[in-house]
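Trainee: The following block contains a protein sequence and its predicted model.
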Amino acid sequence: MKRWTALIALIFVALTSMNARALVVVGQDYEPYYFHNGTSGVNGACYEIVQKLCTLEKVHCKFKFAPVRRFMAMLKNGEADVGCPLSRSAPRETAFHMHTLFRGRYAFFGLLEATHKIKNYTDLSGLKIGVLSPAMTEISLQRIHEFTDKTFTIEPEKTIFNSLRKAEKKTYALAYGNRDVALRWIEKTRSKLREVPELGEPVAYSIAFSKKNIDDKRFQKIQQYLSVLHKDGTLEQIARKYRLTLADNFTSAPVSDPNP
């Protein structure tokens, strides 16, 4: 009898542990969405929103960093449960559960001596432009490249920050990337880079969930939580804190993806 009692107790503990498994959250270092904040650890709009979800789900969450290709692989194989931010594309929408949070833009940045000459896309002719690769940012720039009959040179970089630094040092005439991320970096580093007005493309950023770990029913429950956070103003408050824009009714056209 004691043996059966002990066995039942072990099974109960095991089931309890499974139900209480921490959610693993991953994102790239991409201020103001998700970033290291010195000794205080993780910060950013995505981080705060996921923290709210963890509270509503009554689960503990572990937060990790990885380059975008790695964090998508983690979501696919179940090493991670949640990833943010991630721009939308048809392959990604097939691979993950996705809920759009923010809308923004891809934009060009450079020193005044380069940017003041650029009024339209034809003025990009002959320039070297740095961009994160492989990434949706690069695909956006490739569309512009095709539109201009490939008159400028695309320079692949491992991070948007490499592109910005090289534009600042005049290695490249311009850097192309997420406007909110670039503006925050320019502000923090007191860079003299400035935006080329009006050129670029819109982008939607989502929170992504692993289909391997989170089924349709749980994803619907999470979407209900996000709806509550939207209605009570929590999402707007977080977005405003980080100078981001919520993506109400925002959709972006599906495009091919180098990291499906």
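Mentor: Received it, and whenever you're ready, just let me know what you need.
Trainee: need the strands for this protein, in chain order.
Mentor: 23-27, 35-36, 42-43, 61-65, 82-87, 96-110, 128-132, 153-157, 174-178, 194-195, 201-210, 245-246 (DSSP state E).
Trainee: Going by contacts, tell me the helices and strands next to the last one.
Mentor: Contact partners of strand 245-246 among helices and strands, from 3 or more CB pairs under 8 Å, 6 or more residues apart in numbering; DSSP states H and E: strand 96-110, helix 234-241. Yep, even glycine has a C-beta here, placed from its N, CA and C like the rest.
Trainee: Mean neighbour count added to the ones you listed, as a markdown table?
Mentor: Below are the helices and strands packed on strand 245-246 laid out as a markdown table (neighbours: other CB atoms under 10 Å):
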| stretch | mean neighbour count |
| --- | --- |
| strand 96-110 | 23 |
| helix 234-241 | 16 |
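Trainee: Find the residue ranges of the stretch 101-250 of the chain scoring beneath the pLDDT cut-off.
Mentor: Within the stretch 101-250 of the chain, the segments meeting pLDDT under 70 span 249-250.
Trainee: rewinding a little: right, so the strands of the chain: which one is the most enclosed?
Mentor: Highest mean neighbour count among the strands of the chain (mean count of other CB atoms under 10 Å): strand 174-178, with a mean of 28.
Trainee: Okay, angle between that one and strand 128-132 too, please.
Mentor: Using axes from the mean of the first three to the mean of the last three CA atoms, to 10 degrees, the inter-axis angle of strand 174-178 relative to strand 128-132 is 30 degrees.
Trainee: and strand 174-178, C-alpha only, in PDB?
Mentor: Output of strand 174-178 as PDB, limited to C-alpha atoms (Å, rounded to 0.1, in the frame of the first residue of the first chain):
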ATOM      1  CA  LEU A 174      23.500  54.800 -46.000                       C
ATOM      2  CA  ALA A 175      22.200  52.100 -43.700                       C
ATOM      3  CA  TYR A 176      18.700  50.600 -44.100                       C
ATOM      4  CA  GLY A 177      16.700  49.200 -41.200                       C
ATOM      5  CA  ASN A 178      13.900  49.500 -38.700                       C
END
